[in-house]
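**Student:** Okay, predicted coordinates and the sequence, questions at the end:
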Amino acid sequence: MLKFFLYFVVLLSSIFCFAQRKPLINNVPNNNFVKSPVDGHTIKKSQTTTTKFKIAPIDLYKVITIENDTTYIDTSLSIQKEYSHNYLRKDIFGLLPFANDGQTYNTLQYSLTDFSPYPEFGFKAKHFNFLEANQIRYYSVATPVTELYFKTTVRKGQSVDAFITLNTSENLNFSIAYKGLRSEGEYINQLSSTGNFRFTTNYNTKNKRYFAKAHYTFQDILNEENGGITTIEDFESEDPNYNNRQRFEVYFNDAKSFLKGKRIFLDHNFRINPKKGDNNLYLTHQFNYENKFFEYNQATVPSIVGSETVFRFGESFLDSGINDQTRYNKMYNKVGLIYENTTLGTFQFFVDDFRSNYYYNQILIFDNRTIPSSFSQQINSAGGQYEYRRNKWNGKFLYSRSVTAQSLSNLDAKLQYELNDEIQLAFQYQNINKLPNNNYNLHQSSFVQYNWSNDFKNEKINTIKANAISPWVDAEVQFSVLNDHLYFSNISNSEQILAKTQILAPTQYDGTINYLSVKISRELKFGNFALDNTILYQKTEQDEAVLNVPEIVTRNTFYYSNYLFKNALFLQTGISLNYFSKYYTNDYNPVIGEFFVQNDKQIGNHPNLDFFINAKVQRTRIYFKVEHFNSALTGNNFYASPNNPSRDFTIRFGLIWNFFN
């Protein structure tokens, strides 16, 4: 730890020394500079003997969602930036990471789950780092912008994310980015290797009559799968012989899973009337073509646990070289007509066409059962949307329903009131009649009992949300009622459990589940010190333990921040506590790439303490972090799932560097 700390101090000092040099513009020493509104970088204001320089304001560096919500490129250093300096590049409160970077996450906060009425591919545990179409961002910038992200990983490897965007003209933008990770991990057979390539373009005609957003992505996520450690008692004994985590016995030494996907996406609209006025008519179209591939590979079928031979996933058709492959593609088209009135709001009517094919390369027939080779769907829906934006009110109301044989519907009503810049209130009601994901209805595997063909009923989900943002407290309340809830359950019999065999099956709960969550955030400041608090309370009401969540999840960060060295460096340092109460967490199964419900082992009630030092010099943000530094003091009872320990004591270094050319 001392070596890494000294390295951090030396690097910080060298950057600081560089920052202290007076910048030159046109090789002339500066005496009259201003701070750029983009990043705080010192820029020449004026010279009598040289050309004057124009400074692009921050609102010319736009980040745009598919829904046209716009923010701006932000190079500040805040406690929220500390929370998002991770593999997913976002705040992961409510998610519990596995031991190695690039692995899956257990979900502590159920209200983070998003629902779509359309059937999805499945294998959801593999999708935390898979960027969906609505997560892609588009840009419009006054000058080319580059961002370089780097962070060390667990043992050998690194995590990088390189991004560049530029406008070739005021109305045409391109961006290209690649995020890659390789991390060996502390345990046997735990390597992660991932890549996320994305290319976007954002275009509009000069007369603002036609707008288009398009992107292409190629993503691959490879994980070695060890199935967890076989002897939990060795881990919890704190025997120093096991301080080297490679000494733990795991279920698999040569298993791995692989998810990859490609997507082509286009969203565009055309104003029919030549000049924009009080009344406007638009024609819209959205196209999404995507294919995905999931593979589970296990070269050696039996596992050795001590002196015992274990068939972890039961009988198999093959003695070795298991290679289960699932393929999926979909094509989605949506055509709409929008009427816009500056007083009444925006009315949209649309129809869509959803086609998908989920398939294997064979039909399986065994034990008087037939498992088909494919599951194809064609769904057509029609719907309408009304949007109102005026003064302090913003509302959006959407309803769609299938017009084909499948029963599918979505009612989504959102209303937001902005009292002023500091106080905002938002309400949402959503009623979804959701088709099951494909891997609930069909799955083929070399493991005999991992083959099924089902025809489940739709899930029905009713959700009410209320959010409040204020200078005093941020609060979020959600109440959901779930009917015909689908999940994976452990159906191993007593003999199989004794033999450490794990057999899963998709299951539909015929009762009602009531879920309540209350989340409160508040930051208290005392001069240069601050205490940032986020507390989540959850409660479920159900006849069977199907939806299990921790009752309390909390994150508390005490930190100090200040400008140093004549404001050349901004420093932020502190300690974060992450904690959740004991509960029956879901377990992870690599064959199906999903979490499943278990009620045998509780995890939680273990404080996780992180120490961090962050600094900002000009446009460079530097991160140094000691994760879970209390692991050796509070006992080996930290888990991400029943037999997968969560992250151990780890030292990290990272940075984010922005360039505005």
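**Tutor:** That came through fine.
**Student:** Break down the stretch 551-661 of the chain into its strands, ranges please.
**Tutor:** Residue ranges of the strands in the stretch 551-661 of the chain, as given by DSSP state E, counting those that start in this stretch, are 552-564, 569-580, 587-589, 594-596, 608-617, 620-627, 639-641, 644-645, 650-660.
**Student:** Quick one: list the elements packing against the second one.
**Tutor:** With contacts defined as 3 or more CB pairs under 8 Å, 6 or more residues apart in numbering; DSSP states H and E, the secondary structure elements packing on strand 569-580 are helix 2-20, helix 79-83, strand 552-564, strand 608-617. All C-beta atoms are positioned from the backbone trio N, CA, C, and that covers glycine.
**Student:** Need the residues that contact stretch 327-340.
**Tutor:** The list of residues contacting stretch 327-340 from outside it, by CB atoms under 8 Å, 6 or more residues apart in numbering, reads 121, 269, 279-294, 346-360, 438.
**Student:** What's the ChimeraX line that selects buried ones from those residues?
**Tutor:** Here is the ChimeraX command that selects only those of those that count as buried (16 or more other CB atoms under 10 Å):
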select :121,269,280,282,284,286,288,290,291,292,293,294,346,348,350,352,354,356,357,358,359,360,438
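**Student:** measure the closest residue to residue 247 other than its chain neighbours to residue 648 for me?
**Tutor:** Counting by CB to CB, 6 or more residues apart in numbering, the nearest residue to residue 247 once its immediate chain neighbours are dropped is residue 241, at 6.6 Å. Relative to residue 648, residue 241 is positioned 16 Å away (criterion: CB to CB, to the nearest Å).
**Student:** Please say which of those two ends up with more neighbours.
**Tutor:** residue 648 (17 against 8; other CB atoms under 10 Å).
**Student:** Could I get the contacting residues of that one?
**Tutor:** Shown in contact with residue 648 (CB under 8 Å, 6+ apart): 99, 186, 245, 628, 631.
**Student:** Looking at those residues, which one is closest to residue 226?
**Tutor:** residue 99 (10.0 Å; CB to CB).
**Student:** Need phi/psi at that closest one.
**Tutor:** Summarising the backbone geometry of residue 99 under the convention degrees, to the nearest 10, its torsions are phi -60, psi -40.
**Student:** mind listing what it touches?
**Tutor:** Neighbour list for residue 99: 154, 185-187, 190, 640, 644-648 [criterion: CB under 8 Å, 6+ apart].
**Student:** Over to residue 486?
**Tutor:** Each residue near residue 486 by CB under 8 Å, 6+ apart is listed here: 436-437, 440, 456, 459, 506-509.
**Student:** Only the buried subset of these, as a ChimeraX command please.
**Tutor:** Remark: buried members of the contacts of residue 486, expressed as a ChimeraX selection using 16+ other CB under 10 Å:
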select :436,437,440,459,506,507,509
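**Student:** Make TSV out of the contacts of residue 486 and add pLDDT and secondary structure.
**Tutor:** What follows is those, written out as TSV (pLDDT from 0 to 100; DSSP: H, G, I helix; E, B strand; the rest coil):
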residue	pLDDT	secondary structure
436	96	coil
437	96	coil
440	97	helix
456	96	coil
459	97	strand
506	97	strand
507	97	strand
508	97	strand
509	97	strand
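**Student:** So of the contacts of residue 486, which two are at opposite extremes in space?
**Tutor:** For the contacts of residue 486, with distances taken as CB to CB, the pair at the greatest spread is 437 and 509 (15.3 Å).
**Student:** Please write out the alpha-carbon positions of stretch 187-206 in PDB.
**Tutor:** Extracted as PDB, the C-alpha positions of stretch 187-206 are listed here (Å, rounded to 0.1, in the frame of the first residue of the first chain):
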ATOM      1  CA  TYR A 187      -9.400 -16.500  -7.500                       C
ATOM      2  CA  ILE A 188      -8.700 -19.500  -9.900                       C
ATOM      3  CA  ASN A 189     -10.400 -19.300 -13.300                       C
ATOM      4  CA  GLN A 190     -11.800 -15.800 -12.900                       C
ATOM      5  CA  LEU A 191     -10.400 -13.800 -15.900                       C
ATOM      6  CA  SER A 192     -12.700 -11.100 -17.400                       C
ATOM      7  CA  SER A 193     -12.100  -9.700 -20.800                       C
ATOM      8  CA  THR A 194     -14.700  -7.300 -22.300                       C
ATOM      9  CA  GLY A 195     -15.000  -4.800 -25.100                       C
ATOM     10  CA  ASN A 196     -17.600  -2.200 -26.000                       C
ATOM     11  CA  PHE A 197     -17.200  -0.400 -29.400                       C
ATOM     12  CA  ARG A 198     -19.700   2.300 -30.300                       C
ATOM     13  CA  PHE A 199     -20.000   4.700 -33.200                       C
ATOM     14  CA  THR A 200     -22.600   7.500 -33.300                       C
ATOM     15  CA  THR A 201     -23.700  10.200 -35.600                       C
ATOM     16  CA  ASN A 202     -26.100  13.100 -34.900                       C
ATOM     17  CA  TYR A 203     -27.400  15.100 -37.900                       C
ATOM     18  CA  ASN A 204     -29.900  17.800 -38.800                       C
ATOM     19  CA  THR A 205     -30.400  19.800 -41.900                       C
ATOM     20  CA  LYS A 206     -29.600  23.500 -41.800                       C
END
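**Student:** Please spell out which residues along that stretch are buried.
**Tutor:** Neighbour counts over stretch 187-206 (16+ other CB under 10 Å) mark 187-196, 198, 200-204 as buried.
**Student:** Quick check: strands, which of these are part of them?
**Tutor:** Those of those mapping onto strands are 192-196, 198, 200-204, per DSSP state E.
**Student:** Output these as JSON lines; include the columns pLDDT and distance to residue 373.
**Tutor:** Below are those laid out as JSON lines (pLDDT from 0 to 100; distance: CB to CB, whole Å):
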{"residue": "192", "pLDDT": "97", "distance to residue 373": "31"}
{"residue": "193", "pLDDT": "97", "distance to residue 373": "30"}
{"residue": "194", "pLDDT": "97", "distance to residue 373": "30"}
{"residue": "195", "pLDDT": "97", "distance to residue 373": "30"}
{"residue": "196", "pLDDT": "98", "distance to residue 373": "31"}
{"residue": "198", "pLDDT": "97", "distance to residue 373": "32"}
{"residue": "200", "pLDDT": "98", "distance to residue 373": "36"}
{"residue": "201", "pLDDT": "98", "distance to residue 373": "38"}
{"residue": "202", "pLDDT": "97", "distance to residue 373": "41"}
{"residue": "203", "pLDDT": "97", "distance to residue 373": "41"}
{"residue": "204", "pLDDT": "96", "distance to residue 373": "45"}
